[in-house]
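In: next comes the sequence, and after it the predicted model I'd like to discuss.
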Amino acid sequence: MTTNIIATGLLLIGVSGANADAASCTARSGPATVAVVELYTSEGCNSCPPADRWLSATIAPGGAGAIALAFHVDYWNGLGWPDRFASRTFTTRQHQVAEANGASFVYTPQVTLQGRDFPGWRSADAAKAIAAAASPPARATLALEARVAGGSVQFDATADVPGPRDRTGAALYVALADSGHVSDVKAGENKGVHLTHDHVVRTVSGATAAGSDGRARLTGTLPWPSEAGRAPTLVAVMQNPATGDVLQALALPLQACKD
């Protein structure tokens, strides 16, 4: 499906690994870039389930080297089946991605890699492309600290961008994602289909722009989802939204962070 809907809001995140310390519930990024794979999907789109399955099979929750971001957009909601994970914020995010890629429309399913449209996700070489995206040295250092208590996630995220050229437009985002969701669709294009979803973006906080010294800090509280899935993960991404350029990403599994 294509659309030219204009929306308001912002962005991000998914699941994957880093150097996490379960006891103190902290994580710090390493020297290598972590690849960010975004999927724009909807339960109302009958061409989306294969992409959902591909994302689940390609990037495991907590896996090293890549973070998966499953954004459920809302422009399918009035066409027979409302997606309970859909958000206008994520539709806005997809429009930002389209603008950064020079596209005049958005569609589902869409996969991006490091902020760039990635139609090759269907090919046998997709895993190689993701691995190649994770091979360059990181252009930012990220750190996360989190605590889960009282139905919310309290977090403190910091970023440092050493290269002056990389600082312009760079911004820090933090989001909560989880996996293992299922839906039995009763209407719309996927009527009668049993769907499974991983790496589902639930909520997001940000953005905080890098200062002239290349540093950014974001603190806050995110609500714990009432319908929580498995492998809850807090993710930070340092990215230039205008270009889609990902400087670094970091994931912190939250299961061990609960009081």
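Out: On my side now, so go ahead. Numbers count the residues shown, from 1 in each chain.
In: and the helix ranked longest in the chain, what's buried?
Out: Ordering each helix of the chain by length in residues (DSSP state H) puts helix 88-100 first. Within helix 88-100, the residues scored as buried using 16 or more other CB atoms under 10 Å are 89, 90, 91, 92, 93, 94, 95, 96, 97, 98, 100. For every residue, glycine as well, the C-beta is placed using N, CA and C.
In: likewise for stretch 125-136?
Out: In stretch 125-136, counting by 16+ other CB under 10 Å, buried: 126, 129, 130, 133, 134.
In: from these, pick the one nearest residue 180.
Out: Relative to residue 180, the closest of the buried residues of stretch 125-136 is residue 130; by CB to CB it sits at 21.9 Å.
In: did I read that right, the closest one in a strand?
Out: No: remark: residue 130 does not belong to a strand; assigned using DSSP: H, G, I helix; E, B strand; the rest coil, it is helix.
In: list the contacts of it.
Out: Neighbouring residues of residue 130 by CB atoms under 8 Å, 6 or more residues apart in numbering: 35, 37, 58, 59, 65, 66, 113.
In: the residue nearest to residue 237 when sequence neighbours are not counted: neighbour count?
Out: Excluding the flanking residues, the one nearest residue 237 by CB to CB, 6 or more residues apart in numbering is residue 249, at 4.6 Å. Using other CB atoms under 10 Å, residue 249 is surrounded by 29 other residues.
In: same question, residue 124
Out: 7.
In: what about it, which SS state?
Out: coil.
In: same check, this time on residue 256
Out: Under three-state DSSP, residue 256 falls in the helix class.
In: so it versus residue 118, what's the distance?
Out: Residue 256 sits 32 Å away from residue 118, taking CB to CB, to the nearest Å as the criterion.
In: got the contact list for the helix or strand containing residue 50?
Out: For residue 50, the element it lies in under DSSP states H and E is helix 49-58. Outside helix 49-58, the residues that touch it by CB under 8 Å, 6+ apart are 37, 39, 41, 68, 70, 109, 111, 121-122, 126-127, 130, 179, 190, 193, 195-199.
In: what segments of the stretch 51-200 of the chain are helices?
Out: Assigned by DSSP state H, counting those that start in this stretch, the helices in the stretch 51-200 of the chain fall at 88-100, 126-133, 164-167.
In: out of those, nearest to residue 233?
Out: Between residue 233 and these, the tightest spacing by CB to CB is seen for helix 88-100, at 17.0 Å.
In: report all helices and strands that the closest one contacts.
Out: Here helix 88-100 touches strand 35-41, strand 66-72, strand 106-107, strand 110-113, going by 3 or more CB pairs under 8 Å, 6 or more residues apart in numbering; DSSP states H and E.
In: one more time with 6 Å
Out: Here helix 88-100 touches strand 106-107, going by 3 or more CB pairs under 6 Å, 6 or more residues apart in numbering; DSSP states H and E.
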